[in-house]
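Participant: have a look at this prediction, sequence included:
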Number of protein chains: 4
Amino acid sequence: SRFAYVRDFELPDRLLPGTFILLRIDGHAFKQFTDAHRFAKPNDPRGLELMDHAAISLMREFPDIILGFGQSDEYSFLFRKSAALYNRRQSKITSILSTFFTASYVMHWKTYFPDTPLRYVPSFDARVVLYPGIREVRDYFSWRQTDTHVNNLYNTAFWALIHQGGQSKKDAHESLRVRFAWPLL
Amino acid sequence: SRFAYVRDFELPDRLLPGTFILLRIDGHAFKQFTDAHRFAKPNDPRGLELMDHAAISLMREFPDIILGFGQSDEYSFLFRKSAALYNRRQSKITSILSTFFTASYVMHWKTYFPDTPLRYVPSFDARVVLYPGIREVRDYFSWRQTDTHVNNLYNTAFWALIHQGGQSKKDAHESLRVRFAWPLL
Amino acid sequence: SRFAYVRDFELPDRLLPGTFILLRIDGHAFKQFTDAHRFAKPNDPRGLELMDHAAISLMREFPDIILGFGQSDEYSFLFRKSAALYNRRQSKITSILSTFFTASYVMHWKTYFPDTPLRYVPSFDARVVLYPGIREVRDYFSWRQTDTHVNNLYNTAFWALIHQGGQSKKDAHESLRVRFAWPLL
Amino acid sequence: SRFAYVRDFELPDRLLPGTFILLRIDGHAFKQFTDAHRFAKPNDPRGLELMDHAAISLMREFPDIILGFGQSDEYSFLFRKSAALYNRRQSKITSILSTFFTASYVMHWKTYFPDTPLRYVPSFDARVVLYPGIREVRDYFSWRQTDTHVNNLYNTAFWALIHQGGQSKKDAHESLRVRFAWPLL
Ligand SMILES: Nc1nc2c(ncn2[C@H]2C[C@H](O)[C@@H](COP(=O)(O)OP(=O)(O)OP(=O)(O)O)O2)c(=O)[nH]1
Ligand SMILES: Nc1nc2c(ncn2[C@H]2C[C@H](O)[C@@H](COP(=O)(O)OP(=O)(O)OP(=O)(O)O)O2)c(=O)[nH]1
Ligand SMILES: Nc1nc2c(ncn2[C@H]2C[C@H](O)[C@@H](COP(=O)(O)OP(=O)(O)OP(=O)(O)O)O2)c(=O)[nH]1
Ligand SMILES: Nc1nc2c(ncn2[C@H]2C[C@H](O)[C@@H](COP(=O)(O)OP(=O)(O)OP(=O)(O)O)O2)c(=O)[nH]1
Ligand SMILES: O=P(O)(O)OP(=O)(O)OP(=O)(O)O
Ligand SMILES: O=P(O)(O)OP(=O)(O)OP(=O)(O)O
Ligand SMILES: O=P(O)(O)OP(=O)(O)OP(=O)(O)O
Ligand SMILES: O=P(O)(O)OP(=O)(O)OP(=O)(O)O
Ligand SMILES: [Mg+2]
Ligand SMILES: [Mg+2]
Ligand SMILES: [Mg+2]
Ligand SMILES: [Mg+2]
Ligand SMILES: [Mg+2]
Ligand SMILES: [Mg+2]
Ligand SMILES: [Mg+2]
Ligand SMILES: [Mg+2]
Ligand SMILES: [Mg+2]
Ligand SMILES: [Mg+2]
Ligand SMILES: [Mg+2]
Ligand SMILES: [Mg+2]
């Protein structure tokens, strides 16, 4: 039809071949979402297991994924270097995989939160990052692992000071100021 | 930490300012999905209303969207030219909005399909297209409208020839060959 | 041959249709170049006319250019919205036009600087910017025009204070501090 | 000034870190240019040496280049993986280096073609390609080398059949049809 020219505005977005595709999915505004659904602090096993469930479905569906790593409200997925899914089109990969993950998360919500109905619609942001070599890939996961360690160490200590130590939030923050994780920096 | 350099591989993806952002979401492999869930042919009102429901939630959540148009397994959303959500970052917009739409679709599935449990995880592809002016935007919606009209005319006639006319699929295709929609081309 | 796969790493770079292409070429490190070739300060008519000469050749060669504007060591070229040269491939446009401009600049150097041989190889940076509408295009040229005006006003006054007023550079800067161009800001 | 917003339309174009940048420069419409300046066929040593001269100046100016390879009207330049020139901005690299090469080519034209004035303005296209690993880099140069070999073998034989064998162009093409370079394919 004479309107078909509007397709010319869709520009190609194929990702550079020969690189590792890394997809990171992260809960959008999950500070609010975890509060609204009364997640245990700092880590709610139900939430973490639901994330794992969604990640496992995704990895079963897309065998080009060779590694997954999750923490908090995020999950990272590494693709084999030769991955050619959707002809490596960035928008296709980002959207189809993140919506699959999200659909799985919502479908299985009530398995993990049988007593907590979803109060509103969750969403996730997703991005693709390209890494040329295995050194960068390993350092990527070290980066996420360090972040996990720091956050968990801090958060676990923080909430223990409150729940078990009887401190206020302000005091707990103060107790932990500048005292953690030096070897990791 | 010494691993933080891996963030340098995340390249900026801000969309050109001063253009209309158009987001099109389309069911991934919905030929199979609608078969597996026994959607009525060619249009299942339950499916269409569920799509509308998800679209309405999305437009309520993101007031920068000023127009939505849906048909079949797809929905198009037009943003005001001045939209600045997520600093116009392409991946953020594509992923957050498509996962929101998907989550809403799955959350409300059982309202529209009370007797048909979800048999597997649905997903959607999404893409952003930029249009510089209102002429292209109008032609974009004319393009989708023409597509709707052609598909519906054809499909409605096709299934009527089968269900009401008693023809085989092969005969119905043959009856309709090269006979429709000239004025639209 | 079995090596031809390396072409797959050349990704398409077509510019969004329906937008105005603006090409800005700017002398690379021309502070040093104009010093080394003893350009008159602040404006050397020979240098400006050589830039004009190169710009005119370029506009004769590429009729898609509808407007050119130059000042100092830079030139801006506006293309008609429908320009389709090199299928709007960004690298082709940027490189072919900037090397053409540069070749013309060097070829005609001795016409404008008969007594000053080129002491080393000059170069230019070039970039393409897309503007969706005529308002932005007009404001682009206003931006360059304002810059011209400010720089010329300042530089002309500055060098007049030195050459005609007998001030030192330091004193001339001081005399002009915070005193100019208010209406333009 | 109130026009400065037009800079927001300049989008960042930093190249992916950790990859090899390959810059290929190729004479624009050099079929015509070499004819117009009566280059010897198939290889004019003056032309090749002028290309080499320009390439050598470029490599002296930009020490991030670690390998150069030229043939016919083209030259390829490989950058070290860690190259950070111009913050890896694609347009800066493409334009500054290709205009430098061109300026050198024009400046030294009369050294190599003392009896042939430049009849019109030459230009070059240039493009950047990213290669993630050394295997692709090696295969890139194999690709160019194979191309050189095939073209030279063919062209040398072709012009020898004409100049020394007294054949017409048509006959020479016919003599060489489907008979060369099998081992290379
Ligand atoms: N209580 C609780 N909170 C959690 C749990 N897992 C994640 N969260 C919360 C803690 C953080 O506030 C938030 C994750 O941090 P982010 O940096 O991703 O921020 P957020 O998702 O709020 O915003 P974003 O849209 O990602 O920028 O989710 C959990 O198991 N229990
Ligand atoms: N029976 C039935 N099928 C529908 C309905 N709405 C959409 N579909 C089917 C018809 C088409 O086969 C399909 C939509 O066509 P598409 O071009 O989007 O293809 P599909 O989603 O299979 O693949 P894709 O991943 O989008 O390339 O969905 C409906 O209401 N009823
Ligand atoms: N004496 C003299 N200098 C000029 C003339 N035209 C331009 N210039 C000098 C003044 C500035 O220092 C310089 C242009 O400023 P730019 O911002 O383009 O800086 P420059 O080219 O040095 O560095 P760049 O590579 O563009 O970042 O060229 C002229 O006619 N006479
Ligand atoms: N006679 C002669 N011709 C040469 C010599 N070196 C290159 N050429 C010519 C042969 C080819 O026609 C042309 C290079 O082929 P290209 O594929 O680069 O085509 P051309 O530059 O015409 O068009 P382009 O703008 O690159 O698409 O230059 C030479 O030493 N002597
Ligand atoms: O923790 P990240 O990687 O999501 O970092 P951020 O500060 O949230 O940045 P972004 O806006 O890129 O999500
Ligand atoms: O109908 P569309 O627009 O999705 O077109 P397509 O042929 O499915 O192409 P694409 O691979 O871009 O979804
Ligand atoms: O004067 P411009 O536009 O060249 O601005 P700049 O500060 O030189 O910046 P750039 O590094 O983009 O040339
Ligand atoms: O020989 P090349 O690599 O320049 O290939 P081409 O067929 O000229 O293609 P392009 O339009 O990319 O220069
Ligand atoms: Mg984030
Ligand atoms: Mg989050
Ligand atoms: Mg997070
Ligand atoms: Mg499609
Ligand atoms: Mg579909
Ligand atoms: Mg569809
Ligand atoms: Mg500059
Ligand atoms: Mg300059
Ligand atoms: Mg300048
Ligand atoms: Mg070419
Ligand atoms: Mg050529
Ligand atoms: Mg060539």
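Facilitator: Here it is on my side, so go on. Ligands and ions are numbered 1, 2, ... in the order given.
Participant: can you tell me how far residue A:104 is from ligand 17?
Facilitator: Separation of residue A:104 from ligand 17 (C-beta to the ion, to the nearest Å): 54 Å. The way it works is simple: take the backbone N, C-alpha and C, and place the C-beta from them, glycine included.
Participant: ditto for residue A:98
Facilitator: 43 Å.
Participant: give me the pLDDT value at that residue.
Facilitator: pLDDT for residue A:98: 99.
Participant: repeat that for the one 5 residues further on.
Facilitator: At residue A:103 the predicted local distance difference test score is 99.
Participant: that one falls within a helix, correct?
Facilitator: Yes - assessed with DSSP: H, G, I helix; E, B strand; the rest coil, residue A:103 lies in a helix.
Participant: mind listing what the residue in chain A that ligand 19 sits nearest to touches?
Facilitator: Chain A approaches ligand 19 most closely through residue A:12 (24.4 Å), counting by C-beta to the ion. Counting by C-beta atoms under 8 Å, 6 or more residues apart in numbering or on different chains, residue A:12 makes contact with A:89, C:11, C:12, C:14.
Participant: out of those, which is most surrounded?
Facilitator: residue A:89 (17 neighbours; other C-beta atoms under 10 Å in any protein chain shown).
Participant: on that earlier part again, dump the contacts of residue A:12 into CSV; add pLDDT and secondary structure as well.
Facilitator: Output for the contacts of residue A:12, formatted as CSV (pLDDT from 0 to 100; DSSP: H, G, I helix; E, B strand; the rest coil):
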residue, pLDDT, secondary structure
A:89, 98, strand
C:11, 98, coil
C:12, 98, coil
C:14, 98, strand
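Participant: helix, strand or coil for residue A:26?
Facilitator: Applying three-state DSSP: residue A:26 is strand.
Participant: state the distance from it to residue B:88.
Facilitator: 19 Å (C-beta to C-beta, to the nearest Å).
Participant: per-residue pLDDT, residue A:57?
Facilitator: 98.
Participant: for stretch A:37-45, buried residues please.
Facilitator: Within stretch A:37-45, the residues that count as buried by 16 or more other C-beta atoms under 10 Å in any protein chain shown are A:37, A:39, A:42, A:43, A:44.
Participant: how long is that stretch end to end?
Facilitator: 13 Å (C-alpha to C-alpha, to the nearest Å).
Participant: tell me which residues are up against that stretch.
Facilitator: So stretch A:37-45 is contacted by A:34, A:46-47, A:72, A:113, A:116, A:118-119, A:151-152, A:155-156, A:158-159 (C-beta under 8 Å, 6+ apart).
Participant: returning to what we had before: so for residue A:26 and residue B:88, which sits in the more crowded spot?
Facilitator: Higher neighbour count among residue A:26 and residue B:88: residue B:88, with 20 against 17, using other C-beta under 10 Å.
Participant: pLDDT value on the more buried one, please?
Facilitator: pLDDT at residue B:88 comes out at 98.
Participant: residue A:125 versus that one, what's the distance?
Facilitator: 14 Å.
Participant: quick check: residues of chain A near ligand 11?
Facilitator: A:26, A:73, A:74 (C-beta under 5 Å from the ion).
Participant: got TSV for the residues you listed, with distance to residue B:95 and pLDDT too?
Facilitator: Formatted as TSV, these follow (distance: C-beta to C-beta, whole Å; pLDDT from 0 to 100):
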residue	distance to residue B:95	pLDDT
A:26	9	98
A:73	14	98
A:74	13	98
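Participant: can you add distance to residue C:147 and give these back as a markdown table?
Facilitator: A markdown table is the format used below for the residues of chain A next to ligand 11 (distance: C-beta to C-beta, whole Å):
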| residue | distance to residue C:147 |
| --- | --- |
| A:26 | 42 |
| A:73 | 46 |
| A:74 | 45 |
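Participant: which among those residues gets closest to chain B?
Facilitator: residue A:26 (9.3 Å; C-beta to the nearest C-beta).
Participant: switch the buried residues of stretch A:37-45 over to a markdown table; also include distance to residue C:67, pLDDT and secondary structure.
Facilitator: Output for these, formatted as a markdown table (distance: C-beta to C-beta, whole Å; pLDDT from 0 to 100; DSSP: H, G, I helix; E, B strand; the rest coil):
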| residue | distance to residue C:67 | pLDDT | secondary structure |
| --- | --- | --- | --- |
| A:37 | 58 | 98 | coil |
| A:39 | 59 | 98 | coil |
| A:42 | 60 | 89 | coil |
| A:43 | 61 | 91 | coil |
| A:44 | 61 | 96 | coil |
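Participant: from those residues, which is closest to residue C:170?
Facilitator: residue A:42 (60.0 Å; C-beta to C-beta).
Participant: now residue A:36: closest residue in space, sequence neighbours ignored.
Facilitator: Counting by C-beta to C-beta, 6 or more residues apart in numbering or on different chains, residue A:36 lies nearest to residue A:119, which is 5.5 Å off, once chain neighbours are set aside.
Participant: what is the neighbour count of the one you found?
Facilitator: Neighbours around residue A:119, by other C-beta under 10 Å: 9.
Participant: low-confidence ranges, chain A, go.
Facilitator: Within chain A, the stretches with pLDDT under 70 are A:178-185.
Participant: which parts of it are helices?
Facilitator: Secondary structure of chain A (DSSP state H): helices at A:30-36, A:45-61, A:90-107, A:109-112, A:134-163, A:169-176.
Participant: report the buried residues of the longest one.
Facilitator: Neighbour-count burial for helix A:134-163 flags A:136-137, A:139-141, A:143-144, A:146-147, A:154, A:157-159, A:161 (criterion: 16+ other C-beta under 10 Å).
Participant: ditto for the first one
Facilitator: Neighbour-count burial for helix A:30-36 flags A:30, A:33, A:34 (criterion: 16+ other C-beta under 10 Å).
Participant: does stretch A:100-110 reach ligand 1?
Facilitator: No - Stretch A:100-110 does not reach ligand 1 (C-beta under 6 Å from any ligand atom); its nearest approach is 12.9 Å.
Participant: what comes up buried for that stretch?
Facilitator: A:100, A:101, A:102, A:103, A:104, A:105, A:106, A:107, A:108, A:109.
Participant: right, quick check: that stretch against ligand 2, any contact?
Facilitator: No - applying C-beta under 6 Å from any ligand atom, one finds stretch A:100-110 separated from ligand 2 by no less than 12.1 Å.
Participant: need the contact partners of that stretch.
Facilitator: A:25, A:50-51, A:53-55, A:57-58, A:61, A:75, A:117-118, A:122-124, A:126, B:28, B:99, B:102-103, B:105-107, B:118, B:121-123.
Participant: any idea how far the closest residue to residue A:102 other than its chain neighbours lies from residue B:54?
Facilitator: Excluding its sequence neighbours, the residue lying closest to residue A:102 (C-beta to C-beta, 6+ apart) is residue B:99, at 4.1 Å. Relative to residue B:54, residue B:99 is positioned 11 Å away (C-beta to C-beta).
Participant: likewise for residue A:17?
Facilitator: 35 Å.
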